[in-house]
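Asks: Sequence first, predicted coordinates after that:
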Amino acid sequence: MGVDIHPSAVVSPRAKIGEGVTIGPYSIIGEKVTVGRDTIIGSHVVIDGSTVIGEKNRIYPFVSIGLPPQDIGYEGEDTRVIIGDENTIREFVTINRATTKQDRVTIIGNGSYLMAYAHIAHDCILGNSVIMSNAATLGGHIEIGDKAIVGGLVAIHQFVRIGAYAFIGGKTVTGKDVPPFMMASGDRAKLYGLNTRGLKREGFSQEKIDNLKKAYQIIWRDHHLLHEALERVRREIPPFEELQMLLDFLVSSKRGVVR
């Protein structure tokens, strides 16, 4: 009911299309695709594979979702893409389905804004309200936390994690994890302190911002070994949720953390 499919679009009769969906000219929707209600799909969009797209998404022309991963070991296995609600996916964005090497699914949460030419590779997991600027590129198996911002022309190595509320400046290359709440930039990423402006915009109290700044100073500026720095942070700063997020992120890092 209420579905608007342009006559030139090719939509498999097996695809599941929700109420209020619009599909533009020359778009192709595969047989294993599910599109949630009130999603708008522009012209020349290709959505294939076992792909689930939630409600009220806006997908612009020439987007590619759910095609095979760019992985030489992939042999056509049935892997997935899951996209949540109210995302904006701009022109020429590519979102590949997963390999069999992890959980067999590429995931994008709710409310994210993916700008033109951004690339989300296989097995990536994006949280909610993530912003990826033009031509930002994710290798496979990357995790990006809620409300992180990835600048234009950024390249992120496979298996790297980007913490929640982090900000990565344009043209940055990183092969290591970027901690939550921090700013990173550079040809090889370096930390440049707390993402203060972003945290204020998100309603963080001044007390929390001050304590996260103090944690940054102890961990990255006071020349401690990591375990010594973490012990000092726990000793000197009263515990709160965001501080624990930062400490847990550092302890669980497998690739190492940008310094």
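Replies: Sure, I can see it.

Asks: Quick check: beta-bridge partners of the spatially most central residue of the chain?
Replies: Closest to where the C-alpha atoms of the chain average out (Cα atoms, centre = their mean) is residue 126, at 3.1 Å. Residue 126 has the following beta-bridge partners by DSSP bridges: residue 108, residue 144.

Asks: surely it meets residue 111?
Replies: No. Checked against Cβ atoms under 8 Å, the pair residue 126 and residue 111 is beyond contact range at 10.6 Å. (Glycine included, C-beta is placed from N, CA and C.)

Asks: Run through the stretch 51-200 of the chain and note the low-pLDDT ranges.
Replies: Across the stretch 51-200 of the chain, nothing is flagged by pLDDT under 70.

Asks: so what are the domain limits for the chain?
Replies: As recorded under automatic domain parsing, the domains making up the chain are 4-141, 199-252.

Asks: quick one, strands of the stretch 151-259 of the chain?
Replies: Taking DSSP state E, counting those that start in this stretch, the strands of the stretch 151-259 of the chain run over residues 155-156, 161-162, 167-168, 173-174, 182-185, 190-194.

Asks: is it possible to export these to CSV including mean neighbour count and distance to residue 136?
Replies: Formatted as CSV, these follow (neighbours: other Cβ atoms under 10 Å; distance: least, Cβ to Cβ, whole Å):
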stretch, mean neighbour count, distance to residue 136
strand 155-156, 21, 8
strand 161-162, 26, 11
strand 167-168, 26, 8
strand 173-174, 18, 11
strand 182-185, 22, 13
strand 190-194, 17, 18
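
Asks: Look up how far residue 150 lies from the spatially closest residue to residue 146 that is not a sequence neighbour.
Replies: Closest residue in space to residue 146, ignoring its immediate chain neighbours: residue 127 at 3.9 Å, by Cβ to Cβ, 6 or more residues apart in numbering. Distance from residue 127 to residue 150, counting by Cβ to Cβ, to the nearest Å: 12 Å.

Asks: Those two: which is more packed in?
Replies: Legend: neighbour count by other Cβ atoms under 10 Å for residue 127 and residue 150, higher for residue 150 (29 against 21).

Asks: got a list of what that one touches?
Replies: 130, 131, 132, 133, 136, 144, 156, 162, 168 (Cβ atoms under 8 Å, 6 or more residues apart in numbering).

Asks: Now with 6 Å, please.
Replies: For residue 150, the contact set (Cβ atoms under 6 Å, 6 or more residues apart in numbering) comprises 132, 136, 168.

Asks: isn't residue 4 right up against residue 22?
Replies: Yes. In this structure, residue 4 is within contact of residue 22 by Cβ atoms under 6 Å, at 4.5 Å.

Asks: Those two: which is more packed in?
Replies: Neighbour tally, residue 4 and residue 22, criterion other Cβ under 10 Å: the higher count belongs to residue 22, 19 against 11.

Asks: Wait, residue 145 touches residue 125, no?
Replies: No. Counting by Cβ under 6 Å, residue 145 sits too far from residue 125 to count as a contact (9.5 Å).

Asks: All good on my end, thank you.
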